[in-house]
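Asks: return a 3D structure for these sequence lines:
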Amino acid sequence: MISVTNKFAATVYVNDMLFPNFWDITINMILNPTTSASNSNVAIDRIQYYIENMIDNSLLLGPAGTKLFDKNPMKIEGACNLLPNEPLDYLFTVCLYTKFSSIVEKMLFIDSVVLESYQSNGLKYTYNSEDEKITSLRKIIDNEFLEYCEYWYNPEPVLFKLDVDGLQLIKQTWLDVDLLFETSDENIVTLDSFRPKILPKNNNDDDDDTTPTKA
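Replies: Numbers count the residues shown, from 1 in each chain. Next up, the predicted model:
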């Protein structure tokens, strides 16, 4: 098992109040024996990229906050991530586990995500693969808010941008940030496979003897 640790900051909107918060995160992963070292490294880089560029310094909103900030009454700008309920640490841990599992695309297996924040007063949350089998993100959320879950199942590095026009989903791909996985060419058939085999001529075969017979 390998682990990645990081720190990030974000602002949460809960109960009509904005709170700055700071997190320590640990992602424990199991190597996939069928994955190349290069693709394993890309998977880890994707996780680090997502934390540092999509989560750090963002605004975390639940459904109530989403409705409010979509009108953007304060005319502020920034990156946002939408959660399917109030953005408390337990749900945030589940969302991050879901997202990391999606973006590594089975090149690695996410065993667990451990999250601890300044606002949690010493509480540390862990969500692991066994929890996911029993209470996945889609299972713990009311059907009314399932659309918010799909955001975390998206394997691409998407996020919402808040500007004067409200919340806008910004779509980008791993190709855009040079973090594509290497693809195998084992299914590519080479031209040589289609070339017919030329058998050597049998000089003892009378049917192939075209020498004229002398009179």
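
Asks: tell me which residues of stretch 54-70 are tucked away?
Replies: By 16 or more other C-beta atoms under 10 Å, the buried positions in stretch 54-70 come out as 54, 55, 58, 59, 60, 61, 62, 63, 65, 66, 69, 70. For every residue, glycine as well, the C-beta is placed using N, CA and C.

Asks: how far is it from where the chain is centred?
Replies: 20 Å (C-alpha atoms, centre = their mean, to the nearest Å).

Asks: need the distance between the two termini of it.
Replies: 19 Å (C-alpha to C-alpha, to the nearest Å).

Asks: so which of the buried residues of stretch 54-70 is the closest to residue 184?
Replies: residue 54 (28.1 Å; C-beta to C-beta).

Asks: can you pull the contacts of the closest one?
Replies: Residue 54 makes contact with 79, 81, 157, 159, according to C-beta atoms under 8 Å, 6 or more residues apart in numbering.

Asks: wait, residue 156 sits on residue 174?
Replies: Yes: with contact defined as C-beta atoms under 8 Å, residue 156 counts as touching residue 174 (6.6 Å).

Asks: how about the longest strand anywhere in the chain: buried residues?
Replies: The longest strand of the chain (DSSP state E) is strand 17-31. Neighbour-count burial for strand 17-31, counted by 16+ other C-beta under 10 Å, picks out 21, 23, 25, 27, 28, 29.

Asks: check stretch 111-130 too.
Replies: Here stretch 111-130 shows 111, 112, 113, 114, 115, 116, 117, 125, 127 as buried, counting by 16+ other C-beta under 10 Å.

Asks: go ahead and flag the most central residue of the chain.
Replies: Residue closest to the mean C-alpha point of the chain, counted by C-alpha atoms, centre = their mean, is residue 103 at 1.4 Å.

Asks: how much space is there between that residue and residue 111?
Replies: 15 Å (C-beta to C-beta, to the nearest Å).

Asks: mind listing the strands for the chain?
Replies: For the chain, the strands defined by DSSP E cover 2-14, 17-31, 58-61, 78-82, 108-117, 124-128, 159-163, 166-170.
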